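Novice: Next comes the sequence, and after it the predicted model I'd like to discuss.
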Amino acid sequence: MLEADRGAPSQTGAPTPRAASDLRVIDVGLATSRVVSGDSVAIIPVSEDGQNAGDLNGDGDIDDFVWHIYERVTGVTNLALALGSGSHPVVFDGAVGFLVGEGAQGGTDLNGDGEVSLASDSDQVLHLYDQADGTVTNVGLVGDRLTVFDSGLAFVVSEEAQGGTDLNADGDAFDDVVHVYRDATGVVNLGVANHWPSGQLIPIANGFAFRDADAFVHTYHVSSGVTSQGVRGWELQPSGNDGVAFIASESAEGLDLNADGDTLDGVVHVFEHWSGLTNLAIAGEPCAAFAGGLAAAVEE
């Protein structure tokens with residue numbers, strides 16, 4: 001691993017530039033092929049076979065990848081929990097979010113749905129590591145699409161994998177329902193299904209944006225919760241003003257959104273918390289964000 005001294009703050013409060021000589025290589029002595037890190041913490045899946053150190057998570061075999069934490073002050077800590085499949089871990093707001101596979105953890109029921117399996121596609125259950133006290137919390141929910149926003153973590157929960165539980169009160173148990181974790185609130189179920197299979201959670205200022213099961217764009221804000229923008233959207237991506245840009249289909253809406261006399265276009269819209277939803281009345285697609293703005297490819 002590479003570790004660097006951030007340097008003393010300058011008169012502006014920003015860290016002073018550092019030379020290449022400030023970087024140093026630290027051998028943490030772990031057999032792995034990838035690392036996810038933040039400012040002062042890294043989470044590392046360690047191969048039991050490659051580490052040649054026996055059973056690292058106490059499930060009676062040596063064919064798992066077991067989560068370890070590295071911190072500058074405390075060094076390496078074995079969490080004794082095994083990587084399954086699904087989303088990569090994330091580092092956010094003094095915590096690390098990661099998934100533990102019930103099958104890789106010896107067939108342990110981690111989400112309380114009464115089902116256990118040794119299969120590699122068994123339930124992948126969200127856990128949180130707290131940097132402040134070194135504790136691990138099992139959230140008790142299957143997780144996917146882990147996405148960090150300003151002060152928390154957004155993720156989806158599969159109703160089917162969560163024991164066939166209807167999490168958005170629509171009378172079935174086939175959806176992926178959006179949830180939020182923040183230190184101030186704990187886990188909150190937003191009660192909205194994420195679009196499948198192309199669901200995305202897009203970080204924006206003080207929240208995130210996503211499409212629901214019917215492709216309507218929703219936004220979440222830490223102070224106001226979740227809001228539908230009332231229009232179907234495609235090709236969601238961050239805009240340059242900490243918002244989200246997307247294409248609205250005229251045919252899906254049944255409206256001429258750019259006043260050209262037809263309803264055949266995809267028209268660029270932008271949502272920002274401070275200004276709300278804006279129809280740019282441009283047929284095309286958002287293609288690149290930059291500081292303070294958005295570039296779009298325009299159809300003639």
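Specialist: Sure thing, it's come through. Numbers count the residues shown, from 1 in each chain.

Novice: What count of nearby residues applies to Asp150?
Specialist: When neighbours are defined as other CB atoms under 10 Å, Asp150 has 16 of them. For every residue, glycine as well, the C-beta is placed using N, CA and C.

Novice: State the distance from the residue lying closest to it once chain neighbours are set aside to Leu277.
Specialist: Distances taken as CB to CB, 6 or more residues apart in numbering place Asn206 nearest to Asp150, at 5.3 Å, with adjacent residues excluded. Going from Asn206 to Leu277 by CB to CB, to the nearest Å gives 16 Å.

Novice: same question, Asp183
Specialist: 30 Å.

Novice: rewinding a little: would you confirm that the residue nearest to Asp150 contacts Gly225?
Specialist: No - Asn206 is beyond contact range of Gly225, at 11.5 Å (criterion: CB atoms under 8 Å).

Novice: Neighbour count: those two, which is higher?
Specialist: When neighbours are counted by other CB under 10 Å, Asn206 comes out ahead of the other of Asn206 and Gly225, with 17 against 12.

Novice: pLDDT at the more buried one, what is it?
Specialist: On pLDDT, Asn206 comes in at 89.

Novice: Can you report how many residues lie near Asp93?
Specialist: Asp93 - counted by other CB under 10 Å - has 16 other residues nearby.

Novice: how close does it sit to Asp150?
Specialist: Counting by CB to CB, the gap from Asp93 to Asp150 is 8 Å.

Novice: What separation is there between Ala259 and Ile282?
Specialist: 11 Å.

Novice: And these two? Which one has more around it.
Specialist: When Ala259 and Ile282 are compared for neighbours, Ile282 comes out ahead with 19 against 7, by other CB under 10 Å.

Novice: what helix or strand does the more buried one sit in?
Specialist: Using DSSP states H and E, Ile282 sits in strand 276-290.

Novice: now that strand: mean pLDDT?
Specialist: Strand 276-290 comes out at a mean pLDDT of 79.

Novice: Can you pull the poorly scored residue ranges out of the protein?
Specialist: Low-confidence segments of the chain (pLDDT under 70): 1-23, 241, 286-300.

Novice: And the helices in it, which stretches?
Specialist: 48-51, 250-253 (DSSP state H).

Novice: any chance of those in JSON lines, plus mean neighbour count and distance to Leu79?
Specialist: Below are these laid out as JSON lines (neighbours: other CB atoms under 10 Å; distance: least, CB to CB, whole Å):
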{"stretch": "helix 48-51", "mean neighbour count": "16", "distance to Leu79": "13"}
{"stretch": "helix 250-253", "mean neighbour count": "15", "distance to Leu79": "46"}
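
Novice: TSV for those helices, including distance to Val187?
Specialist: TSV is the format used below for the helices of the chain (distance: least, CB to CB, whole Å):
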stretch	distance to Val187
helix 48-51	31
helix 250-253	33
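
Novice: Would you tell me which of those helices gets closest to Leu146?
Specialist: The closest of the helices of the chain to Leu146 is helix 48-51. By CB to CB, the value is 23.9 Å.

Novice: now the closest one, how far from the centre of its chain.
Specialist: What separates the centre of helix 48-51 from the centre of its chain is 28 Å, taken as CA atoms, centre = their mean, to the nearest Å.

Novice: which residues touch it?
Specialist: Outside of helix 48-51, the residues within contact range by CB atoms under 8 Å, 6 or more residues apart in numbering are 30-32, 54-57, 61-66.

Novice: Excluding residues flanking it in the chain, which one is nearest Thr108?
Specialist: Nearest non-adjacent residue to Thr108 (CB to CB, 6+ apart): Glu102, at 5.7 Å.

Novice: same check, this time on Leu126
Specialist: With CB to CB, 6+ apart, the residue lying closest to Leu126 is Gly143, at 3.5 Å.

Novice: Check which residues of stretch 89-99 are buried.
Specialist: Using 16 or more other CB atoms under 10 Å as the test for burial, stretch 89-99 gives 89-93, 95-99.

Novice: just stretch 223-232 next, same as before
Specialist: 226-227, 229, 231-232.

Novice: Can you tell me what sits against that stretch?
Specialist: Here stretch 223-232 makes contact (CB under 8 Å, 6+ apart) with 178, 190-192, 206, 211-212, 214-221, 248-249, 252-253, 269, 271, 277.

Novice: Please name the residues that touch the residue nearest to Asp150.
Specialist: Taking CB under 8 Å, 6+ apart, one finds 149-151, 221-223, 273 in contact with Asn206.

Novice: any idea how far Phe210 is from the residue most central in space within the chain?
Specialist: With distances taken as CA atoms, centre = their mean, the residue of the chain nearest its centroid is Thr147 (1.4 Å). Distance, Thr147 to Phe210, using CB to CB: 9 Å.
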